[in-house]
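1. Need a 3D model of the following:
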Amino acid sequence: MGMMTEFKKFAVKGNVMDMAVGIIIGAAFGKIVSAFVNGVMMPPLGLLIGGVDFSDLAYTLKEATDGAEAVTLQWGAFLQTTIDFLIIAFAVFMMVKFMNNLKKKEEEAPAEPPKPSNEEVLLAEIRDLLKEK
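-> Here you go, the predicted structure:
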């Protein structure tokens, strides 16, 4: 079996396609959460702390000179990214928990007893007829 044939078998499996869709949706969800954190959550939080914009928070290691830019540690951007991650992780946790609860309810629902086969129905009819005689 050639490598291309093997790759084609792998690529068209359902799990790979599901994973690809999940990655695309996850990336879009990440952008939504980033916009929410940067545009909605962080401004009021910065205002509470004293008008701080977290994305601009940095520690300067070396001041800028004529020929070089300043060397800084951008810890504010790291803080915002960490908050993004925590919100995404919590949202995914809640979604998985919801799906597990749905699965649990399906498992707990009592299954209908199987219907008797045609032979059993006929035998029951014969039994009932014999009892009448």
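
2. can you pull out the strands in the chain?
-> 59-62, 71-73 (DSSP state E).

3. highest average neighbour count across those?
-> strand 71-73 (a mean of 13; mean count of other CB atoms under 10 Å). Heads up, the C-betas are built off the backbone N, CA and C, glycines and all.

4. List the residues that contact the residue nearest to the spatial centre of the chain.
-> Taking CA atoms, centre = their mean, the centroid of the chain lies closest to Val92, which sits 4.0 Å from it. Contacts were defined as CB atoms under 8 Å, 6 or more residues apart in numbering; by that measure Val92 touches no other residue.

5. Could you do the one 10 residues further on as well?
-> When the contact criterion is CB under 8 Å, 6+ apart, Leu102 has no partners at all.

6. Buried residues of stretch 69-88, list them for me.
-> Gly76, Gln80, Ile83, Asp84, Ile87, Ile88 (16 or more other CB atoms under 10 Å).

7. Report the separation between the fifth one and Glu125.
-> Between Ile87 and Glu125 the distance is 65 Å, computed by CB to CB, to the nearest Å.

8. what mean pLDDT does the longest helix anywhere in the chain have?
-> The longest helix of the chain (DSSP state H) is helix 75-108. In this model, helix 75-108 has a mean pLDDT of 82.

9. Stretch 115-128 now?
-> 88.

10. Could you do stretch 9-26 as well?
-> Averaged across stretch 9-26, the pLDDT comes to 77.

11. buried sites along it?
-> In stretch 9-26, counting by 16+ other CB under 10 Å, buried: nothing.

12. Name the residues that touch that stretch?
-> Here stretch 9-26 makes contact (CB under 8 Å, 6+ apart) with no residue beyond itself.

13. Equivalent analysis for stretch 43-60, please.
-> Outside of stretch 43-60, the residues within contact range by CB under 8 Å, 6+ apart are Asn38, Met42, Ala70, Val71, Thr72, Leu73, Gln74, Trp75, Gly76, Ala77, Leu79, Gln80.
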